[in-house]
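# Build me a model from this:
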Amino acid sequence: MKHSHLLQPLSTLLVVLFCLQLSSCAPVQTTIEAFDDFVEELPTQVIGANNLSLNVLFENPQDYGFQTALYELPYSDEQDYLDSIEWADALLEMLGQFPYEELDNQQQLTYDIIEDYFTRNKKLQEYYYLDNKYLGSFLGYQANLPILLENFTFNRKSDLDSYFNILETAEETFLKYAELEKVRLENGYGMSQKMLDLVIAQCETFAADGEPFLIESVNARIDQAEFLSDKKKAQAKEKNETLLKNDLLNAYRSLGEALSELKGAEEMAGLAQFEGGKEYYEALVQANVGTDLTIREIKALLSEEMDRAMLGYSDIIDANPDLDYLLAEPHYGDFSSAEEVVDYLAQAVAAEFPPLEQLNYEVRQVPDSMKENFSPAAYVVDAIDSPLSSPQMIYLNGAFDQSLFPTLMHEGYPGHMYQGIYYKSLQAPTIRYMLDYGGYSEGWATYVEEFAPDYAPDQNPANEIMAGSSRVSMIYTCLFDIGVHYDGWDFAEFCNRFQIVYGEQDPELLEQNYLLFLESPGNYLNYDLGALLFARLREQTEERLGDAFSPVEFHKVILDTGAASFPILEKQMDRYIEETLSSASAQQLPQAA
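Numbering: from 1, shown residues only. Sure thing, here's the model as predicted:
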């Protein structure tokens with residue numbers, strides 16, 4: 001969640017809520033109708049009309065009540081965070097006025113998710129200086145802006161105007177980021193000098209030669225803009241080139257220079273080293289993963305799972321004594337393309353996952369200039385209001401290789417792309433597509449990826465060894481993340497713990513890994529803890545249902561629920577289990593003569 005999503009003026013929200021409250025009290029409107037009106041109004045209250053996220057979320061945001069405004073790069077000051085807390089309190093108070101028992105099942109689910117999401121995220125607004133949301137060499141806004149610009153869509157003239165506005169104001173906003181980092185450092189927070197140096201180097205590199213691929217990419221989309229005449233297209237492309245070569249490069253140059261004037265902390269430190277850091281880390285994990293577990297409980301769960309994973313890994317090795325597990329190369333099948341893998345999986349997993357009515361997708365290559373900071377593959381989330389038949393986008397970073405089979409399960413089918421298309425077909429309230437839990441989305445994709453050895457055409461034991469090794473590695477990664485940000489490991493202790501697991505490592509590699517943990521607290525838990533919680537939920541459901549358990553129905557409950565916290569998913573699963581057992585009992589009753 002981007003914090004600017006919660007930064008609508010408080011007075012505006014209160015007026016809207018007051019009007020809805022009056023309408024809900026009117027005798028001609030039922031509770032169900034009033035709640036639907038309330039939910040329908042939420043998107044424009046959650047995201048401001050100038051929020052850059054609208055370009056990603058919607059093809060036609062005006063159809064959803066958003067006013068036309070120039071998009072801006074995000075920035076929130078401390079007062080904005082305080083206002084967000086009041087905003088969330090007002091929202092939750094209004095939500096609580098709807099009689100829960102008078103809502104239908106789907107409305108109760110929406111109620112639960114709105115309450116859960118904003119309650120969890122409200123806590124994060126209390127930690128302004130701990131939230132490093134703009135700068136960083138891996139996940140910082142300045143690191144990802146070129147990718148955002150490369151994927152900026154031009155559906156109307158206001159989109160093009162917004163794109164130009166972002167380029168024209170980038171330097172001003174970047175300098176706000178630098179000033180915020182200065183204030184964070186002055187207040188005892190902020191990045192270490194090592195992290196600052198990485199951001200500075202990145203700015204200098206981009207300022208030197210960062211615009212060519214953007215000029216070509218954006219100009220190609222300007223050529224496709226049907227709302228522009230040929231003359232206007234030529235003018236727009238000329239303006240684009242000028243702004244990219246001057247304004248955007250100046251923004252990176254100015255940011256690098258401003259950060260060079262700062263003195264970062266000498267020691268690289270996780271959140272636990274800062275005042276309130278451990279509390280913030282726990283709130284961050286609970287909000288993003290969507291769990292009520294404390295960090296201590298999460299550690300215990302991960303440690304228990306580690307024992308199970310290590311035992312399973314040993315069993316695989318013992319079952320294949322002639323296989324050199326250290327040199328074994330996984331082989332999933334003789335696939336020649338990513339498309340062939342996805343099409344195969346759509347058929348292969350049909351026995352355990354609900355089918356899709358339609359599947360339309362494209363696989364594209366990541367531009368060469370973006371390869372260094374891009375994952376091996378990625379699914380680009382579709383706009384909320386795009387037609388269900390519109391092609392989904394999967395990006396590959398480099399040439400296809402059959403070893404990408406598990407990755408394409410994660411990003412494609414039955415991972416992110418499948419999950420996204422499935423839920424989009426349900427036509428849920430718009431707000432439901434805007435509220436995300438990393439533990440749900442990334443946890444699901446990681447959970448299904450672990451089925452790769454089961455679905456591979458080539459049942460090679462090396463595939464199982466790879467899956468087992470990856471499982472163990474992911475659990476260690478989560479425990480390292482907790483060690484750095486909650487237990488307070490310094491760099492020396494991190495290196496010691498890391499090398500106990502993986503053996504002696506190059507010092508530069510150790511530092512790179514440590515910096516990754518520092519920059520993305522809790523991020524890895526979205527993947528592995530999320531996957532673990534899905535797997536545990538499946539185990540519990542199988543145990544309770546016995547022979548009545550159906551993997552298709554189990555997955556359908558999760559997919560029908562949509563993005564939600566695990567307590568809510570458990571509540572939905574409990575309802576499904578009770579209904580299934582009740583139905584089974586009814587069928588076993590003797591029939592009257």
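# where do the strands sit along the chain?
Secondary structure of the chain (DSSP state E): strands located at 361-365, 377-380, 392-396.
# okay, those strands in CSV with distance to Ser565 next?
Just so you know, the C-beta spots here come from the backbone N, C-alpha and C atoms, and that holds for glycine as well. Output for the strands of the chain, formatted as CSV (distance: least, Cβ to Cβ, whole Å):
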stretch, distance to Ser565
strand 361-365, 29
strand 377-380, 22
strand 392-396, 26
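# just checking, which of those sits deepest inside the structure?
Mean neighbour count (mean count of other Cβ atoms under 10 Å) peaks for strand 392-396 among these, with a mean of 21.
# Can you name every helix or strand that that strand contacts?
If you count contacts as 3 or more Cβ pairs under 8 Å, 6 or more residues apart in numbering; DSSP states H and E, strand 392-396 packs onto helix 338-348, strand 361-365, strand 377-380, helix 416-424.
# Output these in TSV; the columns should cover distance to Asp481 and mean pLDDT.
Formatted as TSV, these follow (distance: least, Cβ to Cβ, whole Å; pLDDT from 0 to 100):
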stretch	distance to Asp481	mean pLDDT
helix 338-348	30	95
strand 361-365	31	89
strand 377-380	21	86
helix 416-424	22	95
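# I'd like the ones you listed laid out as JSON lines, including distance to Ser303.
As requested, those are arranged in JSON lines below (distance: least, Cβ to Cβ, whole Å):
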{"stretch": "helix 338-348", "distance to Ser303": "33"}
{"stretch": "strand 361-365", "distance to Ser303": "39"}
{"stretch": "strand 377-380", "distance to Ser303": "31"}
{"stretch": "helix 416-424", "distance to Ser303": "29"}
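# And the helices in the stretch 451-593 of the chain?
Remark: helices assigned in the stretch 451-593 of the chain by DSSP state H, counting those that start in this stretch are 452-455, 461-485, 491-502, 507-519, 523-545, 551-561, 566-588.
# In CSV, list the ones you listed along with mean pLDDT and mean neighbour count.
Formatted as CSV, those follow (pLDDT from 0 to 100; neighbours: other Cβ atoms under 10 Å):
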stretch, mean pLDDT, mean neighbour count
helix 452-455, 94, 20
helix 461-485, 92, 21
helix 491-502, 94, 14
helix 507-519, 91, 17
helix 523-545, 96, 20
helix 551-561, 98, 17
helix 566-588, 90, 14
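# between those helices, which gets nearest to Phe227?
helix 551-561 (36.9 Å; Cβ to Cβ).
# how far off helix 523-545 does that closest one point, in degrees?
If you take axes from the mean of the first three to the mean of the last three Cα atoms, to 10 degrees, helix 551-561 sits at 130 degrees to helix 523-545.
# Residues touching stretch 411-423, excluding its own?
With Cβ atoms under 8 Å, 6 or more residues apart in numbering as the test, stretch 411-423 has contacts from 338, 341-342, 345-346, 349, 353-354, 356, 358-359, 361, 377-379, 381-382, 388, 392, 394, 408-410, 433, 441, 444-445, 448-449, 555, 559, 562-563.
# now could you export just the CA positions of that stretch as PDB?
What follows is stretch 411-423, C-alpha atoms only, in PDB (Å, rounded to 0.1, in the frame of the first residue of the first chain):
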ATOM      1  CA  GLU A 411       4.100 -15.600 -12.100                       C
ATOM      2  CA  GLY A 412       1.700 -17.300 -14.500                       C
ATOM      3  CA  TYR A 413      -0.500 -20.300 -13.900                       C
ATOM      4  CA  PRO A 414      -1.800 -21.100 -11.300                       C
ATOM      5  CA  GLY A 415       0.100 -18.100  -9.700                       C
ATOM      6  CA  HIS A 416      -0.300 -14.400 -10.000                       C
ATOM      7  CA  MET A 417      -1.800 -14.300 -13.500                       C
ATOM      8  CA  TYR A 418      -4.300 -17.000 -12.800                       C
ATOM      9  CA  GLN A 419      -5.200 -15.600  -9.400                       C
ATOM     10  CA  GLY A 420      -5.700 -12.100 -10.900                       C
ATOM     11  CA  ILE A 421      -7.900 -13.200 -13.800                       C
ATOM     12  CA  TYR A 422     -10.000 -15.500 -11.600                       C
ATOM     13  CA  TYR A 423     -10.800 -12.800  -9.100                       C
END
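# ok now that stretch, how far from the chain's centre?
Put simply, stretch 411-423 sits 14 Å off its chain's centre (Cα atoms, centre = their mean, to the nearest Å).
# Show me which residues of it are buried.
Within stretch 411-423, the residues scored as buried using 16 or more other Cβ atoms under 10 Å are 411-423.
# Out of the strands of the chain, which gets nearest to Gly488?
strand 377-380 (33.1 Å).
# Need the residues that contact that closest one.
Against strand 377-380 from outside (Cβ under 8 Å, 6+ apart): 151, 338, 392-397, 404, 407-408, 410-412, 415-417, 420.
# Mind doing that once more with 7 Å?
Outside strand 377-380, the residues that touch it by Cβ atoms under 7 Å, 6 or more residues apart in numbering are 151, 393-397, 404, 407-408, 411-412, 416-417.
# same deal with stretch 446-461?
316, 320, 323, 330-333, 345, 348-349, 405-406, 409-410, 414-415, 463-464, 467, 471, 527-528, 530-531, 534-535.
# Can you lay out the helices of the stretch 451-593 of the chain as CSV showing distance to Glu179?
What follows is the helices of the stretch 451-593 of the chain, written out as CSV (distance: least, Cβ to Cβ, whole Å):
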stretch, distance to Glu179
helix 452-455, 47
helix 461-485, 26
helix 491-502, 28
helix 507-519, 20
helix 523-545, 26
helix 551-561, 42
helix 566-588, 39
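# residues touching Leu57, list them.
Leu57 touches Ala383, Ile384, Met434, counting by Cβ under 7 Å, 6+ apart.
# tell me the domain boundaries of the chain?
Structural domains assigned to the chain are 3-126, 141-260, 279-328+461-523, 338-436, following automatic domain parsing.
# Off-centre distance for the second one?
Computed by Cα atoms, centre = their mean, the separation of domain 141-260 from the middle of its chain amounts to 22 Å.
# One more: the third one?
Per Cα atoms, centre = their mean, the displacement of domain 279-328+461-523 from the mean C-alpha position of its chain is 20 Å.
# How about the longest one?
Taking Cα atoms, centre = their mean, one finds domain 3-126 lying 20 Å from the centre of the chain it belongs to.
# Also the last one?
From the chain centre to the centre of domain 338-436 is a distance of 14 Å (Cα atoms, centre = their mean).
# ok, the most centrally placed residue in the chain to Phe554 distance?
Centroid-nearest residue in the chain: Gly438, 4.9 Å away (criterion: Cα atoms, centre = their mean). Noted for Gly438: a distance of 21 Å to Phe554, by Cβ to Cβ, to the nearest Å.
# rewinding a little: got CSV for the domains of the chain, with distance to Phe549 too?
Converted to CSV, the domains of the chain look like this (distance: least, Cβ to Cβ, whole Å):
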stretch, distance to Phe549
domain 3-126, 22
domain 141-260, 41
domain 279-328+461-523, 20
domain 338-436, 11
